[in-house]
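# Please work out how this folds:
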Amino acid sequence: MLELAILGFLYEAPLHGYELRKRITALTGHVRPVAESTLYPAIKRLEKAGLLAREMQPGAAAAPRHMLTLTTEGRAELVRRLAEPEQVEITDENRWFTLLAFLRHLPEADRQAEVLRRRLRFLDEPASFFYDGERPLRAEELDDPFRQGILTIARATSAAELKWLRTTLRSLESPGTGSRDVTGATDLTAEA
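Here you go, the predicted structure:
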């Protein structure tokens, strides 16, 4: 998830480490805070793999900064990861949101749609946080109001996501769509 976020943000623009950390924290920090001790080893791994390059630039009022940019190989790796996400990136909500944040960089609408169809298939499968043997339990079947809350919130979230997925898939699959940057997502900060 961290490497995907690094590649995704650097695909959009060269950044220095501090700015990259701020952007990743804004995207995933509510779930997994990004410490320097985690970020910089990941940057070094990607640099060693030839996926990003580091260049010294003079600082505005301080010491010189290392600017990070994606290499051609790094851009290709991001596109590959977006087109062929691992199953956990489809099923784990936090990883899914990271993937979704950069899916617009996948250049073909049909490939974007295939990733969304994988998520749709996952959400269409019966599931729950609580089971009676192999049978998923519904909120109405539980006496515990807190567990009912978990399932009620999850149901509402899933319904909203399913609606968005189906609408976006129709848009991507309409004739003449071709390759495009899908940017019709709702800005959650505007509603907060």
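
# show me where pLDDT drops low in the chain?
For the chain, residues meeting the criterion pLDDT under 70 lie at 31-32, 59-62, 175-192.

# Longest helix of it, counting residues only.
Here the longest helix in the chain is taken by residue count, with DSSP state H as the criterion, and it is helix 145-173.

# Report all helices and strands that it contacts.
helix 109-124 (3 or more Cβ pairs under 8 Å, 6 or more residues apart in numbering; DSSP states H and E). C-beta here means a position set from N, CA and C on the backbone, and glycine is covered the same way.

# Residues contacting the helix or strand just after the helix it packs on, please?
Using DSSP states H and E, the helix or strand that follows helix 109-124 in sequence is strand 131-132. Contacts made with strand 131-132 from outside it, assessed by Cβ atoms under 8 Å, 6 or more residues apart in numbering, are listed as 137, 141.

# The next helix or strand after strand 131-132 pairs with which strands?
Per DSSP H and E, strand 131-132 leads on to strand 135-136 as the next helix or strand towards the C-terminus. Here strand 135-136 has these sheet partners by DSSP bridges: strand 131-132 (antiparallel).

# Just give me the residue right at the centre of the chain.
Of all residues in the chain, the one closest to the mean position by Cα atoms, centre = their mean is T98, 1.5 Å from it.

# separation between the residue nearest to it when sequence neighbours are not counted and G8?
Of all residues beyond its chain neighbours, the one nearest T98 is M1 (5.0 Å), with distances taken as Cβ to Cβ, 6 or more residues apart in numbering. The spacing between M1 and G8, counted by Cβ to Cβ, to the nearest Å, is 10 Å.

# Find the residues that touch each one of these two.
Overlap between the contact sets of M1 and G8, as judged by Cβ under 8 Å, 6+ apart, is given by T98.

# More neighbours: which of these two?
Each of M1 and G8 has its neighbours counted (other Cβ atoms under 10 Å); G8 has more, 23 against 19.

# quick one: secondary structure of the spatially most distant residue from the centre of the chain?
Taking Cα atoms, centre = their mean, the residue of the chain most remote from its mean C-alpha position is D143, at 34.9 Å. Of the three states, D143 takes coil according to DSSP: H, G, I helix; E, B strand; the rest coil.

# phi, psi of it?
phi -90, psi -20 (degrees, to the nearest 10).

# Numbering from 576 from now on, please.
Yep, numbering from 576; the last one is D718 now.

# Okay, it and R710: tell me how far apart.
Applying Cβ to Cβ to D718 and R710 gives a distance of 17 Å.

# cool, R656 as well?
From R656 across to R710, the span is 36 Å (Cβ to Cβ).

# more neighbours, those two?
In this view R656 and R710 are compared by other Cβ under 10 Å, and R656 has more residues nearby, 18 against 10.

# Would you work out how far apart the start and end of stretch 621-628 are?
For stretch 621-628, the first-to-last residue distance is 9 Å (Cα to Cα, to the nearest Å).

# domain parsing for the chain?
Domain assignment of the chain by automatic domain parsing yields the ranges 577-654, 683-750.
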